[in-house]
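A.B. asks: Next come a sequence and a model predicted from it.
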Amino acid sequence: MSVSAKKRIWGWMAFDWAQQPYYTLGLTFIFGPYFAAVAADWFTASGSTTPEADAQSLWSLGSAIAGVIIAISAPFMGAWADLSGRKIPWIAFFSVIYVVSSAFLWGLTPDGATLTISLIIFYIGFIAAESGLNFVNAILPSLGTDKEVGKISGSASAFGYWGGVISLFIMLLLLAEGDSGKTLLGIDPIFGLDASTREGTRSVGPFIAIWYLVFMIPFFLWVRDDTSTPRRKTSIGEVVPELIRAVKSIGQSRSLTSFLVGSMLYRDALNALYAFGGVYAKLVLGWATMQIGVFGIIGAITAAIVTWIGGIADKRYGPKTVITSAIVVLMVVCTIIVSMSRTHIGPIALPEGSNLPDIIFYICGAAIGGAGGALYSASRSLMVRHTNPERPAEAFGLFALTGKATAFLAPMMIGITTYATGSNQLGFIPVIILFLIGLLMLRWVNSEGDRAAWSAH
C-alpha cells in the first residue's frame, strides 16, 4: 500500500475520532443526562406528577423528528453527490452546521428557560453529524477490497471510540461538575467556570465544537474526492429519477432487501440504547454526572477494544456473523434493563441501599459499548458488499434512509410505553422486539453481499 493510500485511510479514520464526542459526550453521557435532569426539574415545577417520564418522552420526541428528517434527506443528497462526483463539499457544509450547533449547547441553563430551543439545536447538530457521516461512509468502498474494508471499518470505529474515551476523561476530570460542584479530580471546573450554574457541564457544547475543528484537519488534508469520477453540475430534475430508480432496485435483491429492513430495525434499537442509556441511569438509578461519566468510560473503552476485535473477526468470518453475535448480546442487556430498578431485579427485592443495580448496569454499559460498536462497524462493512461501486453515496444514502426511516419508531414506542406504564424500565420493551425482528431478517442475507443486483441496473 502506497504512502498516499495509507494517509487517505488515516485521514478517513480521523473523522470517527473527530465526530465521536457528539455521541459520547452529547447524546449519551454528558449533555443528554443533563438535559434530562433540567427537563425533569422543569416538569416538576410545572406541576407534572411524572416528571422523569415526561423528560424522557421529550427527549424521544426530538430524536424521532431528527430521524424523520435524516431519512428523507439522506438518499436525495447521496444521489446528488454521486451524480456531481463530489462528496467533500457536502462534508464541509455539514461540518459548519455541526460546529455551530455544538457551540450553542452552552445555552441550556439549569432553570430550563432555553429547554425547547436547546433540544432543537442539539438535534440540528445531530442531523448534521449523521448527514456528514453518510458521505464519509460512501468513501469507504474506495479504501480497499471487500475483505479489507471490514478491518478498516472496525479500526476506524475503534479509533473513534478511543477519541470518545479521551474526550470524556477530559470533561470529567477538568470541566463537568458533580453534585458537590467539583470535577472528578476534586477541583473546580477550569477556566473559572461557575459550578452553581452548571457552566462546567454546559461547556460540553463548545468542547465538542473545538475538538471537531482540530481533529478534522487530517481528513480535509488527506482525503479527496475520487478523481476518476467525472465532476459536473447536477439539477434536481436529474437526481429525482435516479433516486426513484435506486429505491425500486432494492426490491430486486432479496439479500439487500432483507439486510436493509433488518438493519433498519436493529440500528433503530441500538440508537435508542445510546440515546437513552445515560437518561435511564439518571432517571431510574438516580446516578450523578460522575457515575454516568464512569459508565461512559467503561462503555467506550469496551467499544474500542471489542470493535477492533470485531473488525478482525469481520475479515475472517464475515460481517454477518459479527452482527448476529452482537444482536444477541444486546437483547440480553435490554432484558436486564427492563427487569431492573433501584429496588428490584426481576421479582427479587433488593435490600435498601444495595449497589447491585449499579454494578449490573456498569456491566450492561460495557456490553452495550462493545456489542454496539461491533454491530455498527460490521453493518457498514456488509453494506459495502451490497454497494454498486459506481454509486457509493447513493447506496449509503439508502443505508441511512433505512437506518432512519423508522428512527422515529423506537423513540416513539419508548415514549408511548413509558407514558402508558409510567415506568422508565418498561419503556424499553419495544427495543427488545426491534432487535428480535432485525435478527430474524438476517436469515435471508447473503454474507458475501449481492452486488450483482446493483450492477444489472
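C.D. replies: Thanks, I have it. Residues are numbered from 1 along each chain as shown.

A.B. asks: What lies in contact with the helix or strand residue 401 falls within?
C.D. replies: Here residue 401 sits within helix 392-404, counting by DSSP states H and E. Residues outside helix 392-404 that contact it (CB atoms under 8 Å, 6 or more residues apart in numbering): 67-68, 70-71, 74-79, 81-82, 87, 130-131, 134-135, 137-142, 242-243, 246-247, 250, 260-261, 263-264, 267-268, 383, 386-388, 454. No exception for glycine: its C-beta is placed from N, CA and C like everyone else's.

A.B. asks: what is the rounded mean pLDDT of the helix or strand following it?
C.D. replies: Once helix 392-404 ends, the next helix or strand along the chain (criterion: DSSP H and E) is helix 409-421. Regarding helix 409-421, the rounded mean pLDDT is 80.

A.B. asks: After the helix or strand harbouring residue 328, which helix or strand is next? Please name it.
C.D. replies: According to DSSP H and E, residue 328 maps onto helix 319-339. Going down the chain from helix 319-339, the next helix or strand is strand 344-345, by DSSP H and E.

A.B. asks: Pull the residues that contact that following strand.
C.D. replies: Taking CB under 8 Å, 6+ apart as the rule, strand 344-345 contacts 339, 350, 356, 357, 360.

A.B. asks: Now do the same for residue 404: its pLDDT.
C.D. replies: On the pLDDT scale, residue 404 gets 67.

A.B. asks: hang on, the earlier thing: and the contacts of helix 392-404, which are buried?
C.D. replies: Neighbour-count burial (16 or more other CB atoms under 10 Å) applied to the contacts of helix 392-404 gives 67, 70-71, 74-79, 81-82, 87, 130-131, 134-135, 137-142, 242-243, 246, 250, 260-261, 263-264, 267-268, 383, 386-388, 454.

A.B. asks: Using CSV, write out every CA atom in the helix holding residue 401.
C.D. replies: Taking C-alpha atoms only, helix 392-404 is exported to CSV below (Å, rounded to 0.1, in the frame of the first residue of the first chain):
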residue,chain,number,x,y,z
PRO,A,392,-21.5,4.6,-3.2
ALA,A,393,-23.0,7.8,-1.8
GLU,A,394,-26.4,6.8,-3.2
ALA,A,395,-26.0,3.4,-1.6
PHE,A,396,-25.1,4.7,1.8
GLY,A,397,-27.8,7.3,1.4
LEU,A,398,-30.3,4.4,1.1
PHE,A,399,-28.5,2.8,4.1
ALA,A,400,-29.1,6.0,6.0
LEU,A,401,-32.7,6.1,4.7
THR,A,402,-33.4,2.6,6.0
GLY,A,403,-31.5,3.4,9.2
LYS,A,404,-33.6,6.4,9.8
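
A.B. asks: Tell me how far it lies from the chain's centre.
C.D. replies: 15 Å (CA atoms, centre = their mean, to the nearest Å).

A.B. asks: Also stretch 420-430?
C.D. replies: Using CA atoms, centre = their mean, the offset of stretch 420-430 from its chain centre is 22 Å.

A.B. asks: And stretch 126-144, by the same measure?
C.D. replies: 13 Å.

A.B. asks: What mean pLDDT does it get?
C.D. replies: 87.

A.B. asks: For residue 320, which residues are in contact?
C.D. replies: 378, 382, 442, 445, 447.

A.B. asks: now do residue 169
C.D. replies: Per CB under 8 Å, 6+ apart, neighbours of residue 169: residue 297.

A.B. asks: heads up, I number from 884, so please use that
C.D. replies: In the new numbering, first residue 884, that becomes residue 1052.

A.B. asks: Could you report the distance from it to residue 1176?
C.D. replies: 9 Å (CB to CB, to the nearest Å).

A.B. asks: what's the angle from the helix with the most length in the chain to helix 1292-1304?
C.D. replies: In the chain, with assignment by DSSP state H, the single longest helix is helix 934-967. Helix 934-967 and helix 1292-1304 meet at an angle of 170 degrees, taking axes from the mean of the first three to the mean of the last three CA atoms, to 10 degrees as the criterion.

A.B. asks: contact partners of the helix or strand that helix 934-967 is followed by?
C.D. replies: Sequence order places helix 971-986 as the next helix or strand after helix 934-967, per DSSP H and E. Outside helix 971-986, the residues that touch it by CB under 8 Å, 6+ apart are 902, 905, 909, 960, 964, 1004-1005, 1007-1008, 1010-1012, 1014-1015, 1018-1019, 1088-1089, 1091-1092, 1095-1096, 1099, 1102-1103, 1106-1108.

A.B. asks: Can I get helix 971-986 in PDB, CA atoms only?
C.D. replies: Coordinates of each C-alpha in helix 971-986 appear next as PDB, following Å, rounded to 0.1, in the frame of the first residue of the first chain:
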ATOM      1  CA  ILE A 971     -16.100  16.600   0.300                       C
ATOM      2  CA  PRO A 972     -18.100  19.800  -0.200                       C
ATOM      3  CA  TRP A 973     -21.100  18.200   1.500                       C
ATOM      4  CA  ILE A 974     -19.000  17.000   4.400                       C
ATOM      5  CA  ALA A 975     -17.600  20.600   4.800                       C
ATOM      6  CA  PHE A 976     -21.100  22.100   4.700                       C
ATOM      7  CA  PHE A 977     -22.400  19.800   7.400                       C
ATOM      8  CA  SER A 978     -19.200  20.300   9.400                       C
ATOM      9  CA  VAL A 979     -20.100  24.000   9.700                       C
ATOM     10  CA  ILE A 980     -23.600  23.300  11.000                       C
ATOM     11  CA  TYR A 981     -22.200  20.700  13.400                       C
ATOM     12  CA  VAL A 982     -19.700  23.100  14.900                       C
ATOM     13  CA  VAL A 983     -22.100  26.000  15.300                       C
ATOM     14  CA  SER A 984     -24.900  23.800  16.800                       C
ATOM     15  CA  SER A 985     -22.400  22.200  19.200                       C
ATOM     16  CA  ALA A 986     -21.100  25.500  20.500                       C
END
